[in-house]
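Enquirer: Got a sequence here, can you build the structure:
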Amino acid sequence: MKKLIIAGGGTGGHVLAGIAIADEWKQLHGARAEILFVGAQGGLEEKLVPKHGYTLKLLKLGALNRVSWQKRIQTLLQIPVTLFQSFMILLQFKPNYVVGVGGYASGPVVLMAATVGRLLGIRSAVLEQNSVAGLTNKILGKFVDRIFVALPSPKLPFAFDKIKVTGNPVRSQMKPMSAPQFRPFTLFIFGGSQGALGMNTLVIQALPFLKGHDIKFIHQTGVKDYERVKKAYEDLKIPARVEKFIDQMDVCYQQASLIICRAGSSTMAEIAAVGRAAIFVPLPEAADNHQEWNARIFADSQAAWISSQRLDNGEKLAFRILDLKEQPQKILDAMQSVSKFYKPNAARDLVHFL
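Expert: Prediction:
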């Protein structure tokens with residue numbers, strides 16, 4: 001058997017990258033492939049991993065970064081227990097490889113695989129999806145055999161000989177799409193897997209300036225912000241498709257003339273894959289401001305635009321949207337540039353380099 005453990009989760013970006021890796025592992029090894037996901041209680045992996053047909057084990061984990069000192073103490077006290085549980089998972093499953101895809105759930109499993117697991121012949125790796133490394137990967141990068149990165153960045157603190165630039169694995173249905181229609185001009189707005197309250201507010205502020213300009217709206221709000229956003233469209237009598245969560249993202253990408261979204265690495269990889277132009281609204285509270293750094297890599301290549309949640313207002317965002325609507329060649333040029341970031345073989349390359 002060819003056994004693989006994929007550890008991590010918490011956000012849709014981490015989980016979906018893991019699923020893309022798992023799918024490629026199955027394709028490569030066929031009937032010999034055996035895959036186990038290890039995640040955290042309460043993370044999106046609880047919903048997404050079983051939905052895609054994979055086995056999932058859960059650890060009870062806390063957080064260390066950007067949390068209260070009480071939460072940090074609680075997490076530190078949990079570490080010995082989760083390390084022991086992780087070691088037992090390695091003993092029972094006997095994987096050939098362990099890959100961490102980000103999030104706190106990857107920490108104890110990958111650390112045990114990279115240290116004690118060496119005695120069992122286990123090779124270890126992490127995937128860093130962002131241009132700035134997260135706390136967990138900063139630590140694990142010192143111990144693992146291989147580090148896969150999605151974006152080449154001078155801000156990554158890893159040993160050069162461990163790094164392999166593969167791009168960010170994305171779902172198989174995310175592939176280059178034909179050019180969008182500009183009549184009607186369609187805005188596709190969405191946050192991350194948890195929604196995006198601040199970005200939604202910026203869009204709501206822009207709506208009065210966009211009303212009457214023949215724009216079609218598709219807006220994924222997240223569960224918490226659905227009623228507020230839906231009411232904003234209704235109050236202005238602007239027809240819109242407003243959803244808490246959209247499963248068929250590829251269909252919406254195809255319809256989109258322009259996208260407004262966060263700058264999470266998984267989102268950016270999908271946008272590069274489908275070849276769409278976007279206005280990124282980076283999450284200001286993102287760890288180490290990594291979304292801002294992610295977005296700048298695209299913007300510096302004229303592949304996207306950036307709107308600041310803190311510095312911009314709705315009128316400014318609306319002006320940019322209307323400017324692009326009236327000059328669609330700018331959008332087509334950005335689409336040409338963003339396609340250069342598409343790494344169609346990211347999952348395959350990652351699996352082959354394990």
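Enquirer: just checking, what's the longest strand in this structure?
Expert: strand 33-40 (DSSP state E).
Enquirer: just checking, next helix/strand downstream of it?
Expert: Sequence order places helix 45-51 as the next helix or strand after strand 33-40, per DSSP states H and E.
Enquirer: Now that next one: average pLDDT?
Expert: What helix 45-51 shows for mean pLDDT is 93.
Enquirer: Need the contact partners of that helix.
Expert: Contacts with helix 45-51, where a contact means CB atoms under 8 Å, 6 or more residues apart in numbering, come from 9-10, 12, 14-16, 18-19, 37, 39, 56, 58, 105. C-betas here are computed from N, CA, C, even on glycine.
Enquirer: please redo it, this time with the cut-off set to 6 Å
Expert: The contact list for helix 45-51 (CB atoms under 6 Å, 6 or more residues apart in numbering) reads 9, 15, 37, 39, 56.
Enquirer: Specify the angle between the helix or strand just after it and strand 33-40 in degrees.
Expert: For helix 45-51, the succeeding helix or strand toward the C-terminus, using DSSP H and E, is strand 55-59. On the basis of axes from the mean of the first three to the mean of the last three CA atoms, to 10 degrees, strand 55-59 is oriented at 30 degrees to strand 33-40.
Enquirer: before we move on, what SS does the residue lying closest to Lys162 once chain neighbours are set aside have?
Expert: Distances taken as CB to CB, 6 or more residues apart in numbering place Ile147 nearest to Lys162, at 4.7 Å, with adjacent residues excluded. Three-state call for Ile147 (DSSP: H, G, I helix; E, B strand; the rest coil): strand.
Enquirer: which SS state does Pro157 fall under?
Expert: For Pro157, the assignment made with three-state DSSP gives coil.
Enquirer: gap between it and Ala295?
Expert: Remark: distance between Pro157 and Ala295 (CB to CB, to the nearest Å) = 20 Å.
Enquirer: of these two, who's got more company?
Expert: Applying other CB atoms under 10 Å to Pro157 and Ala295 shows that Ala295 carries more neighbours, namely 26 against 12.
Enquirer: returning to what we had before: direction included, what does the longest strand of the chain pair up with?
Expert: Next to strand 33-40 in the sheet, as set by DSSP bridges, lie strand 2-7 (parallel), strand 55-59 (parallel).
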